[in-house]
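Colleague: Here is a sequence with its predicted model. Questions after.
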Amino acid sequence: MKNTCFFILAAWLLVCCDSSEKKATAILDEAREAVVCRQFDKARSLVDSLRAEYPRELDVRRSALAFSDTIEMEEAKVMLAEADSALTFKTLELDAMKAEFVLEKNEEYQTVGYYMCPEQVSGKMHRTALRAEVNEEGQMLLISILHGVKLGHDHIRVTSSVGETLETPRCFSFLTHSVPDYEEEASYKFGEDNGVIACIAGDMGTPIVEYVNPDGKIFKAEVSLSDVAAIRKCHELATAFAETDSLRNLVDKMTMKVRFYEKKISLGR
């Protein structure tokens, strides 16, 4: 009687184990299918579920753990292909945008040149104005030019056509000696300008700029529509540079990730 009970229990355990293994294998197969369909989050969730629900199915669990690397590698391949395609398109778009600008660069002493709108090239800017430029590395500058007024300004305050007022940080200002009349300039980097550049670029009207010196004295002027348009175009160019750099970094990151998992999987075999 005892032997009979033993064999019945053993048979029951064998059937249960076989059933658990089939269920676990079915989940792993579903995860593989999810990867084929590029449903990577679903595949991860299925693998996690398998490992949590079937702790005793060691062989299937090992296969699932190894398959986790395949999920990461295949997702990285998809992201790499998409990023590489987007980078190609964005690079062409950036090159087309740059063709609309004038590149000012003195090869004798400048390693990096500046893209400027044709109407704002240096030779045409001997007037009170806001000039925009983007260097070859994608950094945008806003330059406040005060012509014929001795103020010694070190920052500007801009009020948009809808009443929003923003102020740049204080910076070093300098005199321009290449023109016959008095002219002073100060420059502000995009990202370090307290949002002034984006404010002007997004303004559909004519903002008011106040040139402010360390003593609080001001000179007020209206930003011309042509200068607003130039600032907007330079802002768009700088944004395109940033997007291109971001895509290039993503391509590099995904390339490294694919190589890492390819090597890991090959060593695991």
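Modeller: Alright, I've got the coordinates.

Colleague: Residue 220 belongs to a strand?
Modeller: Yes - assessed with DSSP: H, G, I helix; E, B strand; the rest coil, residue 220 lies in a strand.

Colleague: which stretches of this structure form strands?
Modeller: If you assign secondary structure with DSSP state E, the strands in the chain sit at 102-104, 114-116, 129-135, 140-147, 155-159, 165-167, 173-175, 183-189, 208-212, 218-222.

Colleague: Of these, which shows the lowest average pLDDT?
Modeller: Least confident of the strands of the chain, judged by mean pLDDT, is strand 173-175 with a mean of 72.

Colleague: helices and strands around that one, which ones?
Modeller: Contact partners of strand 173-175 among helices and strands, from 3 or more Cβ pairs under 8 Å, 6 or more residues apart in numbering; DSSP states H and E: strand 183-189. Quick note: C-beta positions are derived from backbone N, CA and C, even for glycine.

Colleague: Would you give the sheet partners of the strand it packs on, along with the direction of each?
Modeller: Strand partners for strand 183-189, identified by DSSP bridges, are recorded as strand 140-147 (antiparallel), strand 173-175 (antiparallel).

Colleague: quick one, the first one and strand 218-222 angle?
Modeller: So the one you mean is strand 140-147. With axes from the mean of the first three to the mean of the last three Cα atoms, to 10 degrees as the basis, strand 140-147 and strand 218-222 are set at 110 degrees to each other.

Colleague: now strand 140-147 against strand 208-212, angle please.
Modeller: Regarding strand 140-147 and strand 208-212, their directions subtend 70 degrees when assessed with the same axes, to 10 degrees.

Colleague: measure stretch 201-217 end to end?
Modeller: From its first residue to its last, stretch 201-217 covers 26 Å (Cα to Cα, to the nearest Å).

Colleague: what about residue 54, how many residues close to it?
Modeller: For residue 54, the count of nearby residues is 19 (other Cβ atoms under 10 Å).

Colleague: list the contacts for it?
Modeller: For residue 54, the contact set (Cβ atoms under 8 Å, 6 or more residues apart in numbering) comprises 20, 21, 23, 24, 27, 60, 61.

Colleague: Residue for residue, what is the longest helix this structure has?
Modeller: The helix that spans the most residues within the chain, counting by DSSP state H, is helix 225-268.

Colleague: which residues sit in contact with residue 238?
Modeller: Under the criterion of Cβ under 8 Å, 6+ apart, the neighbours of residue 238 are 134, 138, 139, 140, 190.

Colleague: Identify the farthest-apart pair in those residues.
Modeller: Using Cβ to Cβ, the pair of the contacts of residue 238 lying farthest apart is 138 and 190, separated by 9.5 Å.

Colleague: Look at the two and report which has more neighbours.
Modeller: When neighbours are counted by other Cβ under 10 Å, residue 138 and residue 190 differ, and residue 190 comes out ahead with 22 against 18.

Colleague: For the closest residue to that one other than its chain neighbours, give me its contacts.
Modeller: Nearest residue to residue 190, sequence neighbours excluded (Cβ to Cβ, 6 or more residues apart in numbering): residue 140, at 3.8 Å. By Cβ under 8 Å, 6+ apart, the contact list for residue 140 reads 132, 133, 134, 189, 190, 197, 234, 235, 237, 238.

Colleague: try residue 218
Modeller: Residues touching residue 218, when contacts are defined by Cβ under 8 Å, 6+ apart, comprise 151, 157, 210, 211, 212.

Colleague: Helices of the stretch 51-200 of the chain, residue ranges please.
Modeller: Secondary structure of the stretch 51-200 of the chain by DSSP state H, counting those that start in this stretch: the helices cover 58-98, 196-201.

Colleague: Would you write a ChimeraX line that selects the buried entries of the contacts of residue 140?
Modeller: Typed into ChimeraX, the next command selects the buried ones out of the contacts of residue 140 (criterion: 16 or more other Cβ atoms under 10 Å):
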select :132,133,134,190,197,234,235,237,238
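
Colleague: Looking at the contacts of residue 140, spot the one nearest residue 69.
Modeller: Proximity of the contacts of residue 140 to residue 69 was ranked by Cβ to Cβ; the top entry is residue 238 with 39.2 Å.

Colleague: Can you tell me how far that closest one is from residue 154?
Modeller: Between residue 238 and residue 154 the distance is 23 Å, computed by Cβ to Cβ, to the nearest Å.
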